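Asker: Structure for this input, please:
(chains A and B)
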Amino acid sequence: MENKDALSSWVNDYTTDLYARAASKVSDKELAADLVQETFLAAAEKIDTFRGESNPKTWLFSILNHKIIDHYRQKVKHPVQFEDNTLAQFFGEDHEWKESKKPGTWQVDNETNLLDDDNFNSVLKQCLDALPETWNICVKLKYLSEKKGDDICQELDISPSNYWQIIHRAKLQLRECIDKNWFN
Amino acid sequence: MKIMKKIMHVLFLSCLKATELIEKQFQVKLSVKEKIQLKMHKMMCDACSMYEKQSTFIEHSIEAHQHHHPSTNELDTEKLKKSIYKKLDNSK
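Answerer: Numbering: from 1, shown residues only, chains lettered A, B, ... in the order given. Just a heads-up that it's a prediction; the model follows:
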């Protein structure tokens, strides 16, 4: 009975924060709401194992994180494939930068302000969303689970070298997208 | 000339390989050899030095982006709370 009361008050206190987190990780709002709901259902089942050793908020966020990772893992069931023309877009046959693709200067006066800027964040989101889906998932998982590359590879069932290649390509495209849409 | 370039690439990496190592170092420690090669490459290559700077900036911005919630007012979490209460009651 006591557990149930605790859970109810957590729903009241933490739903908004959990939802905000979920919505920032998955782009679909309904899915975000579902994940929060599943988080509380899982918490209700496991509440006997939670003995107040950690902060309830931390505990709930870790359950939510697992739910989000599970969601992405299910999406990447097949080994990640990519057509290998990305690198050829940026580098010549001699593996040097193509003249037109060489990174130019970015004028950043105050990094902290820029990272907090709504417009900049929407450009960044737009550029992340423009990546092929599996790349996007790899990039997101990297920041989602404070996990090292190796563990992410295991979860997604891809080899580490495949993972580097994906991140490398994703970063080249992201850089160019941000360059075009923000710095120019 | 071509041979010269090949030797340079073996010793100090091509830009393609250098940018790959730049990404790799965000996740794992590079080997001593890789570190030296990358450092030498950057000394000779402005484009890759610039790339590293900008890629580091992108790392920071993606991390910050995860915590950036511009408009929380549009979410109706009261409705969500109610639905969670209902589900929890049903599951008991």
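
Asker: CA only for contacts and neighbour counts going forward, please
Answerer: OK.

Asker: what about A:Val108, is that helix, strand or coil?
Answerer: Recorded secondary structure, A:Val108: coil (DSSP: H, G, I helix; E, B strand; the rest coil).

Asker: neighbours of it, just the number please.
Answerer: The local packing of A:Val108 (other Cα atoms under 10 Å in any protein chain shown) involves 11 other residues.

Asker: any idea how far it is from B:Thr77?
Answerer: A:Val108 sits 36 Å away from B:Thr77 when distances are taken as Cα to Cα, to the nearest Å.

Asker: do A:Asp28 as well
Answerer: On the measure of Cα to Cα, A:Asp28 and B:Thr77 end up 15 Å apart.

Asker: These two: which is more packed in?
Answerer: Higher neighbour count among A:Asp28 and B:Thr77: B:Thr77, with 18 against 11, using other Cα under 10 Å.

Asker: Name the helix or strand for the closest residue to the more buried one other than its chain neighbours, please.
Answerer: Leaving aside its sequence neighbours, B:Thr77 sits nearest to A:Thr16 (Cα to Cα, 6 or more residues apart in numbering or on different chains; 5.8 Å). According to DSSP states H and E, A:Thr16 maps onto helix A:2-25.

Asker: okay, the helix or strand following that helix in PDB with CA atoms only?
Answerer: For helix A:2-25, the succeeding helix or strand toward the C-terminus, using DSSP H and E, is helix A:29-46. This file holds the C-alpha atoms of helix A:29-46, laid out as PDB (Å, rounded to 0.1, in the frame of the first residue of the first chain):
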ATOM      1  CA  LYS A  29       5.000  12.600 -29.200                       C
ATOM      2  CA  GLU A  30       2.600   9.800 -28.800                       C
ATOM      3  CA  LEU A  31       5.500   7.300 -28.600                       C
ATOM      4  CA  ALA A  32       7.100   9.500 -26.000                       C
ATOM      5  CA  ALA A  33       3.900   9.400 -23.900                       C
ATOM      6  CA  ASP A  34       3.700   5.600 -24.300                       C
ATOM      7  CA  LEU A  35       7.300   5.200 -23.200                       C
ATOM      8  CA  VAL A  36       6.600   7.300 -20.000                       C
ATOM      9  CA  GLN A  37       3.500   5.100 -19.300                       C
ATOM     10  CA  GLU A  38       5.500   2.000 -19.800                       C
ATOM     11  CA  THR A  39       8.200   3.400 -17.400                       C
ATOM     12  CA  PHE A  40       5.700   3.700 -14.600                       C
ATOM     13  CA  LEU A  41       4.200   0.300 -15.300                       C
ATOM     14  CA  ALA A  42       7.600  -1.200 -15.100                       C
ATOM     15  CA  ALA A  43       8.300   0.700 -11.900                       C
ATOM     16  CA  ALA A  44       5.100  -0.600 -10.400                       C
ATOM     17  CA  GLU A  45       6.300  -4.100 -11.100                       C
ATOM     18  CA  LYS A  46       9.700  -3.600  -9.800                       C
END
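
Asker: any low-confidence regions in chain B?
Answerer: B:1, B:69-75, B:92 (pLDDT under 70).

Asker: Thank you, goodbye.
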